[in-house]
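1. need coordinates for the following:
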Amino acid sequence: MTHASLLSADLRARRVRRRSLAVLLFVLLAFSAALGRPVEPAGGVLAESALIQATAEAPPIEVEAPPTLEQLQARVAAVLAREGVPGVGLAVVDRNGVRWAGGVGVADLATGAPVGPDTQFRVASITKSFVGLGVMRLVEQGRLDLGRPLREFMPDIALANDWEASSPITLAHALEHTAGFDEMRFNEYFAADDATAPRDALAINPRSRVARWRPGSRPSYANPGYTLAGHAIELATGESYETYLEREVLRPLGMPTARFRRTAEYADRLATGYHEPGRPAVFRAIYHAPAGALLASPRELGQLVHFWLRRGETGGPAVVGPESLARIERTETVAYRTTDTNYGLGNYGDVIHPARGRGHDGGLPGFLSCYRYFPELGVGYVMLLNSTHSLQAYLEIRALLFGYLTGGRTVVPPPPVEPDPEAIAALTGYYGYASPRVQLFGFAEQATLGISVRPDPAGIEVETLTGGRAQLVSTGDGGFRHWREGGTPIRLTRGDEGRRILVGGLAYFEEGSYTWARARLLLLGAAMLLLQAAPLWALGWAVLALIRRLRGRAIASGEFALHAWPAAAGLAWLVLLLVFEHMARAEAYGTANLLSVGVCVCSLVFAACSAAAVAEVVRAGVAGTVPLLLRLVPGAAAIASFGLTLWLMFHGIIGLRIWAW
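-> The predicted structure is shown next:
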């Protein structure tokens, strides 16, 4: 997971309301779930961590279990119609095989072609599951070593690690997202074609492969790690990772048409993705293909679920053995105890259902993907949506699939454990977010994401920095969950150097000062309000000044500039946000173009207006020509805009050339 599974939908809604548009837009590129729906951060490139986060923040959905396949299809069709999602590919699986694979809705709105069992979807980061299997197959054969430093194995690939002597980056770190890497840079997103080799993709912008903290100390989702794994496969085998995985993993699993590139042979099977109702997504290849380029059908992914349910039983595909399967499901590169939502090798846990599940999600422009298997129940499912705008559809269809698969059986979460008051008291306090996925925008996440922990009779009460609350029951040894969840999503423990931490999947929060965090958030909120108020205040002043002038009264010296410059800063901020949003929607951040250059220019204009506003406030105060009451609002707005400018400048946003970052 990307963050702790501890917030309800109500908490998410409160957080969305209280965050300013400014912070949301900057967080959009790195943490799209902050918007409360799986919108596509930075164009939706490999955005599955947003899915994980959005899922984590939503409470388990309770639905009446469809008793028949026909009713399941009808209920899913109703969800699609209500949410404006064109179609979905589905598979339901048990230990005997794929019980049913098919679809509901259409694969393409223009042609009306229905979704079928062999309709191909961009399954995005589900690709990582196959890379993990391929790597472990080579590990079994002695051709790869998860613990070998990558610098020794691939000395030609740029890797920066200040802790190299004591904690070198290994293949296991790359696969478990614990290498400390930043996310891929914006000019590493979209490729001109889908033939880019991992070595070439890794050469585009090495700055995304700099360890920001000691490898193994905390997780942060980073797609370049899987491009490193693809390169490792090529070094070990002497052939392309695609050729190897298709021959050694995909075909043995029973996936005859799954490919890592579009081909003319299966072009008519590929579904069209949609950003939102009626707005199709353009198919654009990605540079980091081993992290998310796979095209597969619901029937084929059902074979992967079946493979995991059989877990190496005699007569099944012999891709890897039981010990390797167990290793794929474990996190081994961190020193602290993980949770039931841990990330292994292209495989992570999910507890949103009453039973513990595992699998992976995927997100690319126009496509959301999910597969889950439940070892304790012997069932699993596949869900492939060709739209990215509805979190509700994603969650509700998953709940319907689980209900259908477990129909007639009562699945209850494990009973809570009696909490340990002394242990909980020792870990009570405030925890601030400390593992941003995109470092450039991490400061905005850190300003808005934080969790306070207090004792509760059943376990703990958690409160977000913006005020939402939830009670979690104890699962023992510092673990806690929502009472309807099937496993432990968060744990309070200690990390490096004995620091108190709150962890959950790929979430990592460190102990900090609630007073400072709250004050920072309030200051940021006040600055946003003042920026929005400045143009309105100036407009009101202009009306009054006109009336005064008509009555023969002149305005004071400097009065116009005092009001005009803060208003200009507020308008420049609004334009910056609008241009930024359009740039993200147009996926225009990887090159120097009208929108990306516009973001750079608008940020500089905002900074210049803010500086001029402060200068006019100082000038008016020294001259004393403008009454104090008239100076209060523009003065506060000027200080707010200038303070925001300094904050953004410190974090590299003012003058940002996003295409060259």
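
2. so who does N347 touch?
-> Contact analysis of N347 by CB atoms under 8 Å, 6 or more residues apart in numbering lists 129, 132, 328-329, 358-360. (Glycine included, C-beta is placed from N, CA and C.)

3. let me have those in CSV, extended by pLDDT.
-> Below are the contacts of N347 laid out as CSV (pLDDT from 0 to 100):
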residue, pLDDT
S129, 98
G132, 98
I328, 98
E329, 97
R358, 97
G359, 97
H360, 97
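
4. in stretch 327-340, what's buried?
-> 327-329, 331-334, 336, 338-340 (16 or more other CB atoms under 10 Å).

5. ok now that stretch, how far from the chain's centre?
-> For stretch 327-340, the separation from the chain centroid amounts to 20 Å (computed by CA atoms, centre = their mean, to the nearest Å).

6. next one: stretch 555-572
-> Put simply, stretch 555-572 sits 40 Å off its chain's centre (CA atoms, centre = their mean).

7. in that stretch, what's buried?
-> Within stretch 555-572, judged by 16+ other CB under 10 Å, the buried ones are 555-556, 558-559, 561-572.

8. now that stretch: mean pLDDT?
-> Averaging pLDDT along stretch 555-572 gives 91.

9. ok, G380 - contacts?
-> Counting by CB under 8 Å, 6+ apart, the residues that G380 touches are 92-94, 305-306, 308-309, 357, 359, 371-374, 405.

10. now do the SS call for the residue nearest to it when sequence neighbours are not counted.
-> Among residues not flanking G380 along the chain, Y373 sits closest, at 3.4 Å (CB to CB, 6 or more residues apart in numbering). What DSSP: H, G, I helix; E, B strand; the rest coil gives for Y373 is strand.

11. do you know how far Y373 is from R481?
-> Note on Y373: its distance to R481, by CB to CB, to the nearest Å, is 20 Å.

12. before we move on, what about T227?
-> 34 Å.

13. who's more crowded, those two?
-> T227 (32 against 26; other CB atoms under 10 Å).

14. helices or strands up against the host helix or strand of that one?
-> Assessed by DSSP states H and E, T227 sits inside helix 224-237. Under the contact criterion of 3 or more CB pairs under 8 Å, 6 or more residues apart in numbering; DSSP states H and E, helix 224-237 touches helix 127-140, helix 150-153, helix 171-176, helix 198-202, helix 241-245.

15. of all the ones you listed, which one is nearest F580?
-> helix 198-202 (26.1 Å; CB to CB).

16. list the buried residues in that closest one.
-> Neighbour-count burial for helix 198-202 [16+ other CB under 10 Å]: 198, 201-202.

17. and T493, its phi and psi?
-> phi -150, psi -160 (degrees, to the nearest 10).

18. give me every residue that touches it.
-> T493 touches 336-337, 427, 478, 500-501, 503, counting by CB under 8 Å, 6+ apart.

19. Q120 contacts L295, doesn't it?
-> Yes. If you go by CB atoms under 8 Å, Q120 and L295 touch, sitting 4.7 Å apart.

20. now do the shared contacts for the two.
-> What both Q120 and L295 touch, as defined by CB under 8 Å, 6+ apart, is the set 258, 266, 270.

21. distance of I286 from A124?
-> As defined by CB to CB, I286 lies at a distance of 9 Å from A124.

22. give me the number of residues near the residue nearest to G316 when sequence neighbours are not counted?
-> Excluding its sequence neighbours, the residue lying closest to G316 (CB to CB, 6+ apart) is R310, at 4.4 Å. As a burial measure, R310 scores 17 neighbours (other CB under 10 Å).

23. can you give me the pLDDT of the residue lying closest to L294 once chain neighbours are set aside?
-> In this structure, L294 finds its nearest non-sequential neighbour in T127, 4.0 Å apart by CB to CB, 6+ apart. Looking at T127, its pLDDT reads 97.

24. and T127, how far from R619?
-> 59 Å.

25. quick one, which of these two is more surrounded?
-> Neighbour count, other CB under 10 Å: between T127 and R619, T127 has more, with 30 against 15.

26. now for the more buried one: which residues touch it?
-> Per CB under 8 Å, 6+ apart, neighbours of T127: 226, 260, 289-294, 362.

27. okay, the residues you listed in TSV with neighbour count, pLDDT and secondary structure next?
-> Output for these, formatted as TSV (neighbours: other CB atoms under 10 Å; pLDDT from 0 to 100; DSSP: H, G, I helix; E, B strand; the rest coil):
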residue	neighbour count	pLDDT	secondary structure
Y226	28	98	helix
F260	23	94	coil
A289	24	95	helix
P290	30	97	helix
A291	30	96	helix
G292	28	95	coil
A293	26	95	coil
L294	31	97	coil
G362	26	95	strand
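
28. tally of neighbours for the nearest residue to T237 once chain neighbours are set aside?
-> Leaving aside its chain neighbours, T237 sits nearest to Y244 (5.0 Å; criterion: CB to CB, 6+ apart). If you count neighbours by other CB under 10 Å, Y244 ends up with 20.

29. circling back: helices - which of the contacts of G380 land there?
-> 305-306, 308-309, 405 (DSSP state H).

30. before we move on, the earlier item: just send the helices and strands packed on helix 224-237 back as a markdown table, with distance to T591 too.
-> Formatted as a markdown table, the helices and strands packed on helix 224-237 follow (distance: least, CB to CB, whole Å):
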| stretch | distance to T591 |
| --- | --- |
| helix 127-140 | 25 |
| helix 150-153 | 30 |
| helix 171-176 | 28 |
| helix 198-202 | 17 |
| helix 241-245 | 27 |
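
31. these: which one's closest to L235?
-> Among the helices and strands packed on helix 224-237, the nearest to L235 by CB to CB is helix 150-153 (6.8 Å).

32. the closest one - contacts with which helices or strands?
-> Helices and strands touching helix 150-153, as assessed by 3+ CB pairs under 8 Å, 6+ apart, comprise helix 171-176, helix 224-237.

33. tell me the most buried of those helices?
-> Most buried of the helices and strands packed on helix 150-153, by mean neighbour count (mean count of other CB atoms under 10 Å): helix 171-176, with a mean of 27.

34. follow-up on the earlier one: derive a ChimeraX selection command for the buried subset of the contacts of G380.
-> Buried subset of the contacts of G380, written as a ChimeraX selection, criterion 16+ other CB under 10 Å:
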select :92,93,94,305,306,308,309,357,359,371,372,373,374,405
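
35. just the closest of the contacts of G380 to E511, please.
-> For these, the nearest to E511 is G357 (30.8 Å; CB to CB).

36. and that closest one, how far from E323?
-> In terms of CB to CB, G357 sits 21 Å off from E323.

37. quick check: closest non-adjacent residue to L539.
-> Using CB to CB, 6+ apart, the nearest residue to L539 is A567, at 7.7 Å.

38. state the number of residues packed around the residue lying closest to T196 once chain neighbours are set aside.
-> Nearest non-adjacent residue to T196, counting by CB to CB, 6+ apart: Y287, 5.4 Å away. For Y287, the count of nearby residues is 26 (other CB under 10 Å).

39. isn't Y287 right up against A191?
-> Yes. With contact defined as CB under 8 Å, Y287 counts as touching A191 (4.6 Å).

40. what sits in contact with each of the two?
-> With CB under 8 Å, 6+ apart, Y287 and A191 have common neighbours A201.

41. related to what we said a few turns ago, isn't the residue nearest to G316 up against D94?
-> No. Under the criterion of CB under 8 Å, R310 is not in contact with D94, lying 10.3 Å apart.

42. what's near enough to touch the residue nearest to T196?
-> With contact taken as CB under 8 Å, 6+ apart, Y287 is in contact with 184, 188-191, 196, 201, 204, 227.

43. so where is the chain shaky, pLDDT-wise?
-> 1-60, 312, 314-315, 408 (pLDDT under 70).

44. try it again at 80.
-> 1-63, 194-195, 312-316, 408-412, 497, 552-556 (pLDDT under 80).

45. quick check: most distant residue from the centroid of it.
-> Relative to the centre of the chain, the most outlying C-alpha is that of G552, 59.7 Å out, by CA atoms, centre = their mean.
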